[in-house]
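Student: got a sequence here, can you build the structure:
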Amino acid sequence: MKHWIGGDFGQNLNKLHEKYGDVVRIAPNELSFTNPQAWKSIYGHRQHGQEEMDKDSRFYRSLDDYAPDIITANREEHARLRRLLSHGFSDRSMREQEPMIMQYIDLLVRRLYENSESGTKPLDIVKWYNWTTFDIIGDLAFGESFNCLDNSSYHPWVATLFSSVKAGAFDRISSHYPAIRSLIRMFIPKSLIAKHLVFKQITKEKVEHRMTIEEERPDFFGSILKKKEELVRHQCRLNICC
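Tutor: Predicted structure coming up:
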């Protein structure tokens with residue numbers, strides 16, 4: 001619990017593996033593996049007729065208990081969502097996306113040159129790489145950049161995304177103690193909850209904006225919009241839009 005909230009769970013887990021080896025028990029019914037074979041056994045493709053391992057609902061969960069996304073979805077829903085998204089990651093689509101991505105790479109180089117005063121002023125390169133990444137994600141997912149590179153700062157959506165991750169840490173802890181889950185969730189800082197709500201609202205607005213774009217774009221959302229009726233039917237089935 002301490003390390004989840006403190007944000008150093010991964011670092012602490014790595015120390016445990018360095019001390020005890022490839023397999024470490026981190027909870028009464030939870031193991032952590034670092035052996036490459038474990039990844040194949042747990043996440044790899046199954047032979048015909050062989051069942052996949054179910055996702056641990058305590059880890060793969062939504063903070064709001066909404067309809068599952070591609071990460072938290074069960075096997076059936078994951079397959080359906082993956083089919084909707086697969087076109088955006090096809091070889092053809094990725095080649096068509098290349099010119100757009102290169103525009104942001106060129107902008108990154110130009111902005112680094114401008115802000116470093118021709119290389120004489122040090123910069124936090126992590127921030128600049130993050131800004132580039134999220135500008136590209138914004139264009140591919142929502143049809144418009146977050147303008148992080150232009151503004152040399154994080155867009156509110158990006159900033160609140162980080163806060164949502166922190167709020168999710170509290171919720172993940174609560175899932176291990178179902179009897180007192182509601183009590184643990186009361187300790188989530190109100191500021192994180194507020195930012196999480198802002199994140200959801202901005203996401204909703206961004207998606208609605210993308211749905212108004214009629215031109216063909218080789219992005220992640222294009223193939224989804226082509227199957228919009230199927231998506232709406234699915235949402236109605238989950239009682240989140242009907």
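Student: what's the local residue count around residue 196?
Tutor: Using other C-beta atoms under 10 Å, residue 196 is surrounded by 21 other residues. All C-beta atoms are positioned from the backbone trio N, CA, C, and that covers glycine.
Student: residues contacting the spatially closest residue to it that is not a sequence neighbour?
Tutor: Of all residues not flanking residue 196 in the chain, residue 164 sits nearest, at 4.6 Å (C-beta to C-beta, 6 or more residues apart in numbering). By C-beta atoms under 8 Å, 6 or more residues apart in numbering, the contact set of residue 164 is 63, 192, 195-196, 199.
Student: secondary structure class for residue 164?
Tutor: helix (DSSP: H, G, I helix; E, B strand; the rest coil).
Student: and residue 215, what pLDDT?
Tutor: Looking at residue 215, its pLDDT stands at 84.
Student: spell out the secondary structure type for it.
Tutor: Classified using three-state DSSP, residue 215 is coil.
Student: likewise residue 24?
Tutor: strand.
Student: any idea how far residue 18 is from it?
Tutor: Separation of residue 24 from residue 18 (C-beta to C-beta, to the nearest Å) stands at 10 Å.
Student: one more: residue 116?
Tutor: 37 Å.
Student: okay, those two: which has more neighbours?
Tutor: Neighbour count, other C-beta under 10 Å: between residue 116 and residue 18, residue 116 has more, with 14 against 10.
Student: all strands of this structure, in order?
Tutor: All strands of the chain, identified by DSSP state E, fall at 23-27, 30-33.
Student: if we can go back for a sec, of the contacts of residue 164, closest to residue 147?
Tutor: residue 199 (17.3 Å; C-beta to C-beta).
Student: ok so, going back, now do the residue nearest to residue 196 against residue 204, distance only.
Tutor: With C-beta to C-beta as the criterion, residue 164 and residue 204 are 14 Å apart.
Student: now do residue 126
Tutor: 29 Å.
Student: also residue 50?
Tutor: 39 Å.
Student: quick check: domain ranges of this structure?
Tutor: If you go by automatic domain parsing, the domain ranges for the chain are 1-53, 55-237.
Student: centre of the chain to the last one, how far?
Tutor: I take that to be domain 55-237. 6 Å (C-alpha atoms, centre = their mean, to the nearest Å).
Student: run through this structure and note the low-pLDDT ranges.
Tutor: Scanning the chain for pLDDT under 70 picks out 1, 61-68, 227-242.
Student: for the residue positioned nearest the centre of it, which non-adjacent residue is spatially closest?
Tutor: The centroid of the chain falls nearest to residue 71 when counting by C-alpha atoms, centre = their mean (8.1 Å). Of all residues not flanking residue 71 in the chain, residue 60 sits nearest, at 6.4 Å (C-beta to C-beta, 6+ apart).
Student: what residues does stretch 187-207 touch?
Tutor: By C-beta under 8 Å, 6+ apart, the surrounding residues in contact with stretch 187-207 are 63-64, 138, 141-142, 144, 156-157, 159-161, 163-164, 166-167, 170-171.
Student: again, 7 Å this time
Tutor: 63, 142, 156-157, 160-161, 163-164, 166-167, 170 (C-beta atoms under 7 Å, 6 or more residues apart in numbering).
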